[in-house]
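Trainee: generate coordinates for the sequence data below:
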Amino acid sequence: MQVYLPIAETSVNAFTLLGVGGGVGVLSGMFGVGGGFLITPLLFFIGVPPAVAVATGVNQVVASSISGVLAHLKRKTVDLRMGLVLLVGGLIGSIIGLWFFNLMQRLGQIDLIVQLSYVIFLGVIGGLMFQESLRAMLRSRNPAAPRRKLHTHLWVHNLPLKMKFRASGLYISVFPPLLVGMGVGILAAVMGVGGGFILVPAMIYLLGMPTKVVIGTSLFQVTFVAAFTTMGHAVTNQSVDVMLALFLILGGVIGAQIGTRVGLGLKAEHLRILLAALVLAVCGKIAFDLLWTPAELYSITIPGRF
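Mentor: Residues are numbered from 1 along each chain as shown. As a prediction, this is how the structure comes out:
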């Protein structure tokens, strides 16, 4: 059954869209990730223009993050003060990212920029995740091996304008969380991701936050930044395809329930290495598409359209 996507200006099989949303939902349930960094490249592969894939893929992040935030608020595992500082930085970063996105779109380079961004970030993140997963597997086989310290006192903690974050037990400058939030906001606008795969490690290793409040605080920031980014794309370049978003969200909700059950039967270190391998595989596919000579060397488009 073919479904016409009015903003993307293409027809896609409805079951394919449900499969993409469901597949990412399964991964979200298994690995505990929002899936934004996977759903956007998958939309590239089925023929959705990168500009539309980025703007619409953020909807999936919003939908998958809201329920998580509510659950963490109930358990009081959200540092609201830290979340608000990260959110301010995220909104500033989103505005910068939207400006850059629209500039590249006017220059006709947005498809290349988005795909190159995914190759770089997925390659780096996938490589680091794979390395860390191998170390975790080796440590599980050799419990006596020395463990790396999660957090050390860095120069960023000596910056001015310090604030007390009681839920995290920190007294640090507001500049590091502002900059981290800003970076996540830029990624959300340009790549259509929530940024949790960058935000969570930064909160643990750079800011020194305790693990028990990291996930909830990350989801708090990601939810609002992703929602702001979606509205920004809808207003500035009209690239949010509601029909596409509905199919992805529907598939994602169903897939997440399946993924949660599947994930319970696998070991944590095995889950991490599987996710790392998947990230590297998606990175390789995008890089291959960029380097491989296309079937049609030239195309004619109407200015201002995708």
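Trainee: can you pull the buried residues of the helix or strand harbouring Thr56?
Mentor: Per DSSP states H and E, Thr56 falls inside helix 50-74. Residues of helix 50-74 classed as buried by neighbour count (16 or more other C-beta atoms under 10 Å): 50-65, 68-69, 72. C-beta here means a position set from N, CA and C on the backbone, and glycine is covered the same way.
Trainee: report how many residues lie close to Leu250.
Mentor: Neighbours of Leu250 under the rule other C-beta atoms under 10 Å: 16.
Trainee: per-residue pLDDT, it?
Mentor: Listed pLDDT for Leu250 reads 81.
Trainee: residues touching it, list them.
Mentor: Leu18, Gly21 (C-beta atoms under 8 Å, 6 or more residues apart in numbering).
Trainee: give me the element it is part of.
Mentor: Applying DSSP H and E, one finds Leu250 within helix 242-263.
Trainee: give me the phi and psi for Ile172.
Mentor: phi -130, psi 170 (degrees, to the nearest 10).
Trainee: any idea of the pLDDT on it?
Mentor: 83.
Trainee: flag the shaky bits of the chain, pLDDT-wise.
Mentor: The chain contains residues with pLDDT under 70 at 27-36, 63-64, 67-68, 140, 142-158, 194, 197, 256-257, 259-272, 293-306.
Trainee: if you set the cut-off to 90 instead, what comes out?
Mentor: 1-83, 101-177, 180, 183-306 (pLDDT under 90).
Trainee: now do the helices in the stretch 151-300 of the chain.
Mentor: 175-191, 196-201, 211-236, 242-263, 268-291 (DSSP state H, counting those that start in this stretch).
Trainee: Serialize the ones you listed to a markdown table and add fields for distance to Leu42.
Mentor: Converted to a markdown table, the helices of the stretch 151-300 of the chain look like this (distance: least, C-beta to C-beta, whole Å):
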| stretch | distance to Leu42 |
| --- | --- |
| helix 175-191 | 13 |
| helix 196-201 | 16 |
| helix 211-236 | 18 |
| helix 242-263 | 10 |
| helix 268-291 | 8 |
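Trainee: so for Leu161, which of these sits nearest?
Mentor: helix 175-191 (6.7 Å; C-beta to C-beta).
Trainee: which elements pack onto that closest one?
Mentor: The contact analysis (3 or more C-beta pairs under 8 Å, 6 or more residues apart in numbering; DSSP states H and E) places helix 175-191 against helix 36-45, helix 50-74, helix 80-106, helix 110-141, helix 196-201, helix 211-236.
Trainee: flag every buried residue along that helix.
Mentor: 176-191.
Trainee: so who does Ala234 touch?
Mentor: So Ala234 contacts Ala55, Val240 (C-beta under 8 Å, 6+ apart).
Trainee: and if we set it to 7 Å?
Mentor: Val240 (C-beta atoms under 7 Å, 6 or more residues apart in numbering).
Trainee: hang on, Val3 is in a strand, isn't it?
Mentor: Yes: counting by DSSP: H, G, I helix; E, B strand; the rest coil, Val3 is part of a strand.
Trainee: which residue packs closest to it, ignoring adjacent ones?
Mentor: Nearest non-adjacent residue to Val3, counting by C-beta to C-beta, 6 or more residues apart in numbering: Ala14, 4.6 Å away.
Trainee: so how far is Leu244 from that neighbour?
Mentor: 11 Å (C-beta to C-beta, to the nearest Å).
Trainee: who has more neighbours, those two?
Mentor: Taking neighbours as other C-beta under 10 Å, Ala14 and Leu244 compare with Leu244 leading, 27 against 14.
Trainee: isn't Leu38 up against Val282?
Mentor: Yes: Leu38 lies in contact with Val282 (C-beta atoms under 7 Å); the separation is 6.3 Å.
Trainee: between those two, who's got more neighbours?
Mentor: The residue with more neighbours, out of Leu38 and Val282, is Leu38; 26 against 22, by other C-beta under 10 Å.
Trainee: wait, Pro177 touches Val88, no?
Mentor: No: using C-beta under 7 Å, Pro177 is not in contact with Val88; the gap is 8.9 Å.
Trainee: what's the burial count for Gly108?
Mentor: Neighbour tally, Gly108, other C-beta under 10 Å: 10.
Trainee: who's in contact with Gly21?
Mentor: So Gly21 contacts Phe247, Leu248, Ile249, Leu250, Gly251, Gly252, Gly255 (C-beta under 7 Å, 6+ apart).
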